[in-house]
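Peer 1: Attaching a predicted model along with its sequence, questions to come.
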Amino acid sequence: MKLLKPSWVSHNGKPIFSVDIHPDGTKFATGGQGEDSGKVVIWNMAPVLREEDEKNMNIPKMLCQMDNHLACVNCVRWSNTGLYLASGGDDKLVMVWKRAAFIGPSTVFGSSSKLANVEQWRCVTILRNHTGDVMDVAWSPHDVWLASCSVDNTIVIWNARKFPEIVASLKGHTGLVKGLTWDPVGKYIASQADDHSLKVWRTMDWQQETNITKPFNECGGTTHVLRLSWSPDGQYLVSAHAMNNSGPTAQIIERDGWKTNMDFVGHRKAVTVVKFNPKIFKKKQRNGSSPKPSCPYCCCAVGSKDRSLSVWLTSLKRPLVVIHDLFDKSIMDISWTLNGLGILVCSMDGTVAYLNFSQDELGDPLNEDEKNAIHQNIYGKSLAITTEAQLSTTIIENPEMLKYQQERQRVEQANHRMTHEAQAHKLTSVVNGESLEDIRKNLLKKQVETRTADGRRRITPLCIAQLDTGDFSPALFNSVPILPGSASQLTSQLSSDSNTATSNLDPLSTPLGGKASSLNTTATKSNLLLTTSTKMEPMKALDSRFTERSKVMPGVTISMAGLTPLDRVKDSSTLKELKDETSRDNQVEKRKKGRPRKMDAKMITPVSHQPFQQATPSSEKEPCCVAAVPVAVLKLPTPTPQKAFTLQVSMEPPVYLEVENEVSAVSGAKLSQLRCSREGREWDTLLPSRVLTAAGSSDVVAVACADRMLSVFSACGRRLLPAILLPAPMSALHCSGFYVMALTACATLSVWDVQKQSAVVKNESLQTILSGTECTVSQSLLTQQGVPVIGLSNGKSYCFNSSLETWNLIADKQDSLVQCADFKNCISSQDAPVSQGPLALTQGHNLNAGRLASRLSSTPHHLQHGMTLVFLENQLASALTLRSSTEYHYWLLIYARFLVTEGSDYRLRELCKDLLGPVHKSASSAWEPTTLGLRKRDLLRELLPVIGQNLRFQRLFTEYQDQLELLGNK
């Protein structure tokens, strides 16, 4: 062991309260008292490590000095990436620093000497919330959160990706909070205070996990800091300032049951700081001796008010080394180098000491694979996922890889800038009586209404990209507690027959229930659909379809009738349904006759509902649910015959249909008239039977009559096919593009491609999906690619795969995988929204997606990981079956990000291999270069930047990048 006290590391004789070594080991920061303010100094590590560099006058010792703090600095901490430095001081502020790109050396402000800042560090954000001195700050694994604690008895958790947003404020200590440490696994944060207690908090819901007081009951007096530390394997938490038999100790708390049976004993005065070595060690094998299996162990340094430092190995009962009288005053902080062999210690006497150990003394540090294996064994997940800091020492072998690493940093900076700009609105913006700051705390993204001084309304646009990524609870991803107030805003807009509809709504979905009058965008209207299906409990879905209140096509829940990704007319009916739903009684709306005038999307006439009114079955006892056998018993409801009705079948271009039954009688036959209005042009035709229902798209119009005849016309009114005779009366009719779908009362399904004059699905019975269940069809739709989707009242939705001739399950609202999947960190704000895709519309009823994940604090990570993986792979396969290229592309990117984040090497390699395909063409290869119209190799090019953001996959990245370059644009 070597010991060095570099005299040049000094705050001009003033106390140094904190020290922290940069993750890359090239510099370290100190914080403490300045001349008349707080002082943060960044020093060069090279002169500490090498004597020749210390003597070399050309090598700077001090890199930067920052005097922005108004009072003494108590703590400095580098982020795990090394990009940011956080400092907290007696001025009640937390400052976050970042290196400025440009500028050369500048003189330290107020300095009469030639003291120059070699590096320029600027304060990028000031975090104001504490009402007392800030004593400690700590970055979480991944740098997702920054925690700060204060003498105001609170701990504040800041969103490190969106400063200065506050995620949570942890209250419970009754004394000054003086120390913080994050669990390396990311499940807990621990705090220690002068109230003689140590509290462990869960990061899932920010509630207290345990309160430990026994080891601290005897403690008398106080220490300036109480810096506690968590072992790198996550198994032990070691506190400062504990007592055992009237002797000062550092208490060891076991993660398993929070037991307090062991401690580090020997210091003569109170322990002020404990710091674990970031490495896990194993015993060094002597030359020639046979390797014996030995348990890995950790290393811990303990500093005390008695001015001495002790270093302990968890494999030894006594300390490895004790250094007495190292300083003249109490030890204040300790920091290890990332390689685990060096340690910096600072003292209130204003000096710093550096200790350097050899591997013979500490042991052999485990490599990353061995360390990950331990974590995999204990927690079911690899620590590689959480210790991004270790990547900073990885050599980047590929210049393209470096580009993506730098790009990731630029994106973080851009996000940071946007957050600052958004702050400008926080004092004036008001939504439903809440300030924008409150809404930001609850992670609500909604359209914000502000009023100017003269009373005029202004709409402040906010990014709502997250709305379109599915309705997943932010509690799962950002560990924000679901606040009761956030769900209640929806409750005021929506009334529900289901108990779960209001209680399970998460903050992210709150905008869906905003005032209908302010929802101008099509995307937002589409999202409204996601709320409607939860209004029915599975068994009530059947009954309500036969009431007059439900003005929907048979077999379609609320406003989902005939809904295709582009036929947005049905979106507008949702708006009406949302209002009607609040009345909750069986009202029948008066029908408005005649052709509706043109209007904007939010004022679509309720007349469009009329053809969807349904007949109450003649006998209440008539079986409308499924009977397992025989098939003939299956019966779906049919529309009620009406004298006349009007509906809009397309939004772009606007197409209206008017039907008038029995307009005239010729030779005893009663004729019906169909009139179509499209962009100011009209056409009409006569039909020899009463029209029951009609549907259309921008390309075709289909009409089903009481005599079981189905007629199909072009957009200009030309008959495209002779009338089709159906096997039973029509139950539901849909059109999308040139595809026509018919669902008959005897539960058979047919889909035709009118343009190609061919059948896509031929009289397929719903017996397969309905047999053995007490449910019926509650929703049906036809995608733009001609894939039929059937939703059942039990919450399951199926699509018919015409190439495999099978029914495939694509949604299940009771699927626990959906509720527990955790992938919010893999969603990018730059992803194209998919709220109007068939998969999103089908699954839209599942408002509680991700709801349970926030409560899985006791679930092993490998289970959570497995559930998320299964869910994402289901989404990818479902989008492929539905032939929805936009959604396939969207879920592919999320899936790839998840694999990269979780380190799933095999799956990621297989995915890349499938997208790349064979390098040389061969007759035996069944590989297709495109999928859903997307070129696979173009998709792989898109995935490479994602892979490039994780240094662990740089070999994989280089391999496939080289292959793509060789193949060129093939």
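Peer 2: That came through fine.

Peer 1: chain center to the lengthiest helix in the chain, what's the gap?
Peer 2: Ranked by residue count, the top helix of the chain under DSSP state H comes out as helix 399-423. Distance of helix 399-423 from the chain centroid (CA atoms, centre = their mean, to the nearest Å) equals 18 Å.

Peer 1: pLDDT of that helix, averaged?
Peer 2: Average pLDDT, helix 399-423: 72.

Peer 1: In terms of helices and strands, where is Val789?
Peer 2: strand 788-792 (DSSP states H and E).

Peer 1: quick one: contacts of that strand?
Peer 2: Applying CB atoms under 8 Å, 6 or more residues apart in numbering, the contact partners of strand 788-792 are 533, 555, 557, 560, 734, 741, 743, 749, 751, 761, 766, 769-770, 773, 775-783, 797-800, 810-811, 838, 842, 882. The C-beta positions use only the backbone N, C-alpha and C, and glycine is treated the same way.

Peer 1: low pLDDT regions in this structure?
Peer 2: 101-116, 285-293, 380-397, 416, 419-633, 830, 832-833, 845-860, 922, 969-970 (pLDDT under 70).

Peer 1: related to what we said a few turns ago, show only the entries of the contacts of strand 788-792 found in helices.
Peer 2: Secondary structure from DSSP H places Ile769, Leu770, Pro838, Thr842 of the contacts of strand 788-792 in helices.

Peer 1: could you dump the residues you listed to JSON lines with distance to Val411 and neighbour count?
Peer 2: Listed next are the ones in helices among the contacts of strand 788-792 as JSON lines, based on distance: CB to CB, whole Å; neighbours: other CB atoms under 10 Å:
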{"residue": "Ile769", "distance to Val411": "44", "neighbour count": "20"}
{"residue": "Leu770", "distance to Val411": "49", "neighbour count": "23"}
{"residue": "Pro838", "distance to Val411": "31", "neighbour count": "29"}
{"residue": "Thr842", "distance to Val411": "32", "neighbour count": "25"}
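
Peer 1: Looking at those residues, which is nearest Gly31?
Peer 2: Distances from Gly31 to those, taken as CB to CB, are shortest for Thr842 (54.9 Å).

Peer 1: contacting residues for the closest one?
Peer 2: Counting by CB under 8 Å, 6+ apart, Thr842 touches Leu781, Val789, Gly791, Ser797, Cys799, Ile810, Ala811.

Peer 1: One more pass at 10 Å, please.
Peer 2: Residues near Thr842 by CB atoms under 10 Å, 6 or more residues apart in numbering: 533, 560, 563, 779, 781, 783, 789-791, 797-799, 810-811, 878, 882.

Peer 1: would you list every one of the helices in the stretch 51-200 of the chain?
Peer 2: Assigned helices in the stretch 51-200 of the chain, in chain order: 51-55 (criterion: DSSP state H, counting those that start in this stretch).

Peer 1: can you pull out the strands in it?
Peer 2: Ranges of strands in the stretch 51-200 of the chain, per DSSP state E, counting those that start in this stretch, are 62-66, 73-78, 84-89, 93-99, 106-107, 116-117, 121-128, 134-139, 145-150, 154-159, 166-171, 177-182, 188-193, 197-202.

Peer 1: As CSV, the ones you listed with distance to Met401 and mean neighbour count would be great.
Peer 2: Below are these laid out as CSV (distance: least, CB to CB, whole Å; neighbours: other CB atoms under 10 Å):
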stretch, distance to Met401, mean neighbour count
strand 62-66, 27, 23
strand 73-78, 23, 28
strand 84-89, 22, 27
strand 93-99, 21, 22
strand 106-107, 33, 12
strand 116-117, 31, 18
strand 121-128, 26, 16
strand 134-139, 24, 26
strand 145-150, 27, 26
strand 154-159, 28, 22
strand 166-171, 32, 18
strand 177-182, 28, 25
strand 188-193, 33, 26
strand 197-202, 36, 22
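
Peer 1: Among those, which comes closest to Ile343?
Peer 2: strand 73-78 (15.6 Å).

Peer 1: Tell me the strands beside the closest one, with direction?
Peer 2: Each strand paired with strand 73-78, and its direction, by DSSP bridges: strand 84-89 (antiparallel).

Peer 1: Off-centre distance for the strand it pairs with?
Peer 2: When distances are taken as CA atoms, centre = their mean, strand 84-89 is centred 27 Å away from the chain's centroid.

Peer 1: The spatially closest residue to Asp699 that is not a sequence neighbour and Ile21, how far apart?
Peer 2: Spatially, and ignoring its direct neighbours in sequence, Asp699 is nearest to Phe738 (5.2 Å; CB to CB, 6 or more residues apart in numbering). To Ile21, Phe738 is 67 Å away according to CB to CB, to the nearest Å.

Peer 1: between these two, who's got more neighbours?
Peer 2: Using other CB atoms under 10 Å, the more surrounded residue of Phe738 and Ile21 is Ile21, with 22 against 18.

Peer 1: I'd guessed the more buried one sits against Met45; true?
Peer 2: Yes - the criterion here is CB atoms under 10 Å, and Ile21 meets it with Met45 at 7.0 Å.

Peer 1: Identify the contacts common to these two.
Peer 2: Common contacts of Ile21 and Met45 (CB under 10 Å, 6+ apart): Lys27, Phe28, Thr337, Gly342, Leu344, Tyr354.

Peer 1: Mind putting those residues into JSON lines with secondary structure and neighbour count?
Peer 2: Formatted as JSON lines, the shared contacts of Ile21 and Met45 follow (DSSP: H, G, I helix; E, B strand; the rest coil; neighbours: other CB atoms under 10 Å):
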{"residue": "Lys27", "secondary structure": "strand", "neighbour count": "20"}
{"residue": "Phe28", "secondary structure": "strand", "neighbour count": "25"}
{"residue": "Thr337", "secondary structure": "coil", "neighbour count": "21"}
{"residue": "Gly342", "secondary structure": "strand", "neighbour count": "20"}
{"residue": "Leu344", "secondary structure": "strand", "neighbour count": "25"}
{"residue": "Tyr354", "secondary structure": "strand", "neighbour count": "21"}
